[in-house]
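K.L.:
got a predicted model here, sequence first, then my questions.
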Amino acid sequence: MLPNEAQDYETGISHFKSYALSGERVQEHVVPSTVEKSEQSRLDYYDVVGHGHLMKYITASAAGAHNILMIGPPGCGKSMIAKRLPSILPELTKDEAIEVMAIQSVSGSLGVDHGNLTRPFRAPHYNTSPNAIIGGGTYAMPGEISLAHNGVLFLDELPEFSRQTIDALRQPLEDHVVTIARVKQSNTFPANFMLVAAMNPCRCGHYGTGACKCSPTEVRKYRQRISGPIYDRIDIQKYLSKVDVMKKHDDSERMHSADIRDQVLQARAIQEKRFKDVLGVSTNAQMETMHIKTFCKLDSECETLMENTYAKYPFSVRSYNKIMNLSRTFADIGGSEKIRKEDVISALMARDLDKEDAMRLGD
Ligand SMILES: [Zn+2]
């Protein structure tokens with residue numbers, strides 16, 4: 001985030017807070033959300049079998065607040081993995097909790113248990129209207145992306161959402177606020193969420209296996225429902241394959257959420273220290289070029305690795321930055337001040353879809 005954007009964000013938040021606290025259109029409406037939450041609190045990554053490689057990226061996603069897209073056939077465990085993310089995320093800070101409560105209050109969804117607020121996890125269905133997701137309606141009310149502020153927005157079957165909704169995510173993904181303009185008024189709401197998305201690799205879901213019935217054009221069309229700028233804002237894009245339940249899996253790969261969460265908290269503590277004097281940045285995912293220059297210095301070995309990769313697969317400045325942000329997160333998870341070669345390699349392997357860029361952008 002650039003300094004003026006950071007200020008916009010801070011201004012947006014403070015305007016919003018005074019709007020929420022003024023009591024305007026604040027409805028006292030109680031939603032029975034406690035059942036859902038207690039169910040959520042029982043979910044543990046120990047239930048996830050056979051996705052050891054992906055779990056490394058899930059951990060990084062939570063540790064550095066990186067957006068993530070999982071691509072895999074139906075039934076491979078994408079939503080099972082997404083729903084367990086809250087189990088490894090840090091508790092809300094006091095300021096974050098106030099913001100979450102303010103949004104819930106404005107939207108009329110303040111729960112009975114607001115003394116014990118958990119990090120939001122919103123998972124709207126793809127049939128949900130663009131207004132309900134992005135925000136809008138007669139009174140320009142906050143949508144799901146604002147209800148997910150300081151938490152997770154999970155969009156399952158991402159290409160099935162309307163093009164209007166997908167494209168409207170671009171601005172909030174960049175600015176972390178959303179401005180909803182209506183004839184009578186325009187409201188700015190916070191929308192600093194971690195995007196967790198899932199999709200099939202093609203419409204039939206079996207791309208890459210003999211069972212796929214889609215033509216290359218159909219595959220391309222399906223994936224192009226998500227525009228380049230949206231893909232660009234998703235730091236981690238990983239393929240998952242279906243797990244063979246009959247196969248014996250290596251149990252040592254399975255981890256309890258509590259243990260993963262310890263790694264996440266350790267990496268977040270490092271970031272808190274790093275960014276304490278940096279306006280508008282609190283996680284590695286938010287670093288822009290100028291922060292990367294300061295906080296992601298590479299040694300000559302890592303620099304050579306980046307140069308060799310660039311010679312083979314030229315990447316944009318944005319992609320370079322994303323590789324650096326994510327390398328920083330892997331180093332933080334490893335408790336290393338210095339970005340190591342293995343951190344850069346892990347970051348370079350984070351975007352499976354890049355290999356198919358030529359195909360996606362082919363027509
Ligand atoms: Zn297919």
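P.N.:
Ah, there it is.

K.L.:
any weak-confidence spans in the stretch 251-363 of the chain?
P.N.:
The model of the stretch 251-363 of the chain has pLDDT under 70 over residues 354-363.

K.L.:
let me see the contact set for residue 155.
P.N.:
123-124, 126, 161, 195-198 (Cβ atoms under 8 Å, 6 or more residues apart in numbering). For glycine as for every other residue, the C-beta is placed from the backbone atoms N, C-alpha and C.

K.L.:
ChimeraX command for the buried members of these?
P.N.:
Selecting only the buried entries of the contacts of residue 155 in ChimeraX, with 16 or more other Cβ atoms under 10 Å as the criterion:
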select :123,124,161,195,196,197,198
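
K.L.:
rebuild the contacts of residue 155 as CSV, extending it with secondary structure.
P.N.:
Below are these laid out as CSV (DSSP: H, G, I helix; E, B strand; the rest coil):
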residue, secondary structure
123, coil
124, coil
126, coil
161, coil
195, strand
196, strand
197, strand
198, strand
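
K.L.:
which of the contacts of residue 155 sits closest to the ion?
P.N.:
Nearest to the ion among the contacts of residue 155 is residue 198, at 16.1 Å by Cβ to the ion.

K.L.:
list the residues that contact that closest one.
P.N.:
The neighbourhood of residue 198, defined by Cβ under 8 Å, 6+ apart, consists of 69-72, 78-79, 82, 154-158.

K.L.:
what is the burial count for residue 213?
P.N.:
If you count neighbours by other Cβ atoms under 10 Å, residue 213 ends up with 11.

K.L.:
isn't there a helix covering it?
P.N.:
No - counting by three-state DSSP, one finds residue 213 to be coil, located in no helix.

K.L.:
show the pLDDT at the spatially closest residue to it that is not a sequence neighbour.
P.N.:
Of all residues beyond its chain neighbours, the one nearest residue 213 is residue 204 (4.9 Å), with distances taken as Cβ to Cβ, 6 or more residues apart in numbering. Residue 204 carries a pLDDT score of 94 in this model.

K.L.:
list the contacts of residue 204.
P.N.:
Applying Cβ under 8 Å, 6+ apart to residue 204 gives the contacts 211-214.

K.L.:
just the buried residues from those residues, in PyMOL please.
P.N.:
Buried residues within the contacts of residue 204, by 16+ other Cβ under 10 Å, are selected in PyMOL with:
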select buried, resi 212+214
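
K.L.:
wait, residue 80 touches residue 49, no?
P.N.:
No - the criterion here is Cβ atoms under 8 Å, and residue 80 misses it with residue 49 at 10.0 Å.

K.L.:
ranking the contacts of residue 198 by neighbours, who comes first?
P.N.:
In the contacts of residue 198, the most neighbours by other Cβ under 10 Å go to residue 155, 28 neighbours.

K.L.:
got the phi and psi for that one?
P.N.:
phi -110, psi 100 (degrees, to the nearest 10).

K.L.:
again, but for residue 135
P.N.:
Main-chain dihedrals, residue 135, degrees, to the nearest 10: phi 120, psi 150.
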